[in-house]
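need a 3D model of the following:
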Amino acid sequence: MKKSTIVPKGYKPTLNLIETEVAIKKIKDFFEANLAESLNLTRVSAPIFVKGGQGINDNLNGVERVVSFDAMEIKDSQMEIVQSLAKWKRMALKRYKFEVGQGLYTDMNAIRRDEELDNLHSLYVDQWDWEKIIRKEDRTEETLKEVVKKIYEVFKVTESYMHLTYNELTPVLPNEIKIITSQELEDMYPALSSKQREDAITKEYGAVFIMKIGGKLKSGEKHDGRSPDYDDWELNGDILFWSHVLDRAIEVSSMGIRVDEEALSKQLDLAGCNERRKLEFHKALLNGELPYTMGGGIGQSRICMFFLKKAHVGEVQSAVWTDDILRECEDGGIVLL
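Prediction:
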């Protein structure tokens, strides 16, 4: 039977359990403060669950099942645990009356019941979700690249801060992040799968932003799936870092400029999801009632894994694992929280 867990040869955690917990707090506090300053973001409170049937919850790749439950006092709908807050944030920006150039961020905690558990994937997701208002004319590749570079600088200063705090955490990120489109990547490595292409390019450059994810490539395949109603598939992408511990790429952020009226209509057609036009969020957007925005999610556990040179996400978050994973980690010297 194939193992769920990659155990690096001779792996030994750099920090013990208590040191790890202290370091996690340092990373989160430092990164959060610098991200907010760099992008002009204000922290707000966000829901753990939302009402179903309004189109506010996110469909991610379009196939994941949400976790839902009923509430004794609310008779008209099911509650849904959020999968991300992309659409909620856009509505919140309007409700809070933020101006162009301003934005918000929040701690997003989710349960993703259909995740395949391994070194990078857990049933529990913790990330910073951020969103800011832009002008319609700023819905461009130049804007996207500029913000990607700002976020990358926050990663860089966080890595330097952790190295100053823990000398053994040697910096590995390159000075600049490589930006490439998913089609350029397919053209470079036509014989590889999308995940193999990600590994190949990220191993070469150390840090990569892969643009334009969601639509079909020349091969007829998608680089990866994206729900049609938050990112504009021509103006989005993923940030990946090369993990020297796991010898593979780690996605640390998914982000993009969000759909406007035209992009939403087009992508709903392409995805065969035109029934969503009747939902509250989609009607508001198609009617021009929501601000133009860009935003994304940044994995808290993923960046802690990366900066603390951990082999498993369970070393930086408390979650539930299969008996096989627990045994494989114990045998491999991977200490889960």
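
low pLDDT regions in the stretch 51-200 of the chain?
Scanning the stretch 51-200 of the chain for pLDDT under 70 picks out the ranges 58-63.

and the helices in it, which stretches?
Under the criterion DSSP state H, counting those that start in this stretch, helices of the stretch 51-200 of the chain are mapped to 86-95, 141-165, 182-188, 194-205.

can you dump the C-alpha atoms of the third one in CSV for me?
Included here for helix 182-188 are C-alpha records, laid out as CSV according to Å, rounded to 0.1, in the frame of the first residue of the first chain:
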residue,chain,number,x,y,z
SER,A,182,0.4,28.3,-16.9
GLN,A,183,0.5,28.1,-20.7
GLU,A,184,4.2,29.1,-20.9
LEU,A,185,4.8,26.3,-18.3
GLU,A,186,2.9,23.7,-20.4
ASP,A,187,4.9,24.8,-23.4
MET,A,188,8.2,24.3,-21.5
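
start the count at 40, not 1, going forward
That works, and once the first residue is 40, the last one we named lands at helix 221-227.

does anything pack onto it? Which helices or strands?
Where contact means 3 or more Cβ pairs under 8 Å, 6 or more residues apart in numbering; DSSP states H and E, helix 221-227 is packed against helix 233-244, strand 246-250. Quick note: C-beta positions are derived from backbone N, CA and C, even for glycine.

still on that earlier bit, between the helices of the stretch 90-239 of the chain, which gets nearest to S107?
Closest to S107 of the helices of the stretch 90-239 of the chain is helix 125-134 (Cβ to Cβ; 16.1 Å).

contacts for the closest one next, please.
Residues outside helix 125-134 that contact it (Cβ atoms under 8 Å, 6 or more residues apart in numbering) are 83, 85-86, 89, 94-97, 121, 142-143, 145, 168-172, 268-270, 297, 320, 323-324, 328-330, 332, 334, 336.

hmm, try it at 7 Å
Applying Cβ atoms under 7 Å, 6 or more residues apart in numbering, the external contacts of helix 125-134 come out as 83, 85-86, 89, 94-95, 97, 143, 168, 170, 172, 268-269, 297, 320, 329-330, 332, 334.

just give me the neighbour total for A239.
A239: 15 surrounding residues under other Cβ atoms under 10 Å.

hmm, back to that, closest to I373 out of the helices of the stretch 90-239 of the chain?
Closest to I373 of those is helix 180-204 (Cβ to Cβ; 20.3 Å).

residues of that closest one that come out buried?
Within helix 180-204, the residues that qualify as buried are 182-183, 186-187, 190-191, 193-195, 197-198, 200-201, counting by 16 or more other Cβ atoms under 10 Å.

from the chain's centroid, how far away is that helix?
15 Å (Cα atoms, centre = their mean, to the nearest Å).

any idea how far A149 is from V359?
If you measure V359 against A149 using Cβ to Cβ, to the nearest Å, the figure is 14 Å.

now do V164
Note on V164: its distance to A149, by Cβ to Cβ, is 4 Å.

so what sits against both of those two?
What both V164 and A149 touch, as defined by Cβ under 7 Å, 6+ apart, is an empty set.

how about the strands in the stretch 240-376 of the chain?
When secondary structure is read from DSSP state E, counting those that start in this stretch, the stretch 240-376 of the chain shows strands at 246-250, 270-282, 287-297, 332-338.

could you dump those to a markdown table with mean neighbour count, mean pLDDT and distance to K261?
Listed next are these as a markdown table, based on neighbours: other Cβ atoms under 10 Å; pLDDT from 0 to 100; distance: least, Cβ to Cβ, whole Å:
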| stretch | mean neighbour count | mean pLDDT | distance to K261 |
| --- | --- | --- | --- |
| strand 246-250 | 24 | 98 | 12 |
| strand 270-282 | 24 | 97 | 9 |
| strand 287-297 | 23 | 97 | 14 |
| strand 332-338 | 24 | 97 | 19 |
